[in-house]
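A.B. asks: Fold the stuff below for me.
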Amino acid sequence: RYCNIDYIILSTLIGISLTWIVITYDIGCQWSKNLKKQIETYPESMRVSSDMHVDVAVPSWHINGHGSSCRSNFALAHLPGAGRTCGEEVVY
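C.D. replies: Residues are numbered from 1 along each chain as shown. Reported below is the predicted structural model:
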């Protein structure tokens, strides 16, 4: 269902060695539901390393249009280590 964004994210991470990454996406709450299962369908060279911690959040401006459960679980303001970013900069 989200194969385009899966491909964009996974191909961007090829060869990058990080311990933690935060991905912001307008519908990250929906996209992340099956992310781990979807990653397994891609070639091994595109899979995220098992020692890389991946957090998904919804950018601050977009989170206002989501339900309370989503705001509680996917707001950057509630994500430890995310700092005071809004996550919208890459859109522009």
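
A.B. asks: This protein: strands as residue ranges?
C.D. replies: 20-24, 53-57 (DSSP state E).

A.B. asks: Of all the ones you listed, which one comes closest to Lys33?
C.D. replies: Closest to Lys33 of the strands of the chain, according to Cβ to Cβ: strand 53-57, at 9.6 Å. No exception for glycine: its C-beta is placed from N, CA and C like everyone else's.

A.B. asks: residues in contact with the closest one?
C.D. replies: Strand 53-57 is contacted from outside by 19-25, 28-29, 31-32, 35, 48, 74-76, 79, 82, 87, using Cβ atoms under 8 Å, 6 or more residues apart in numbering.

A.B. asks: One more: stretch 12-27?
C.D. replies: Contacts for stretch 12-27 (Cβ under 8 Å, 6+ apart): 5, 9, 31, 45-46, 48-49, 51-59, 62, 76, 79, 81-82, 87-88, 90.
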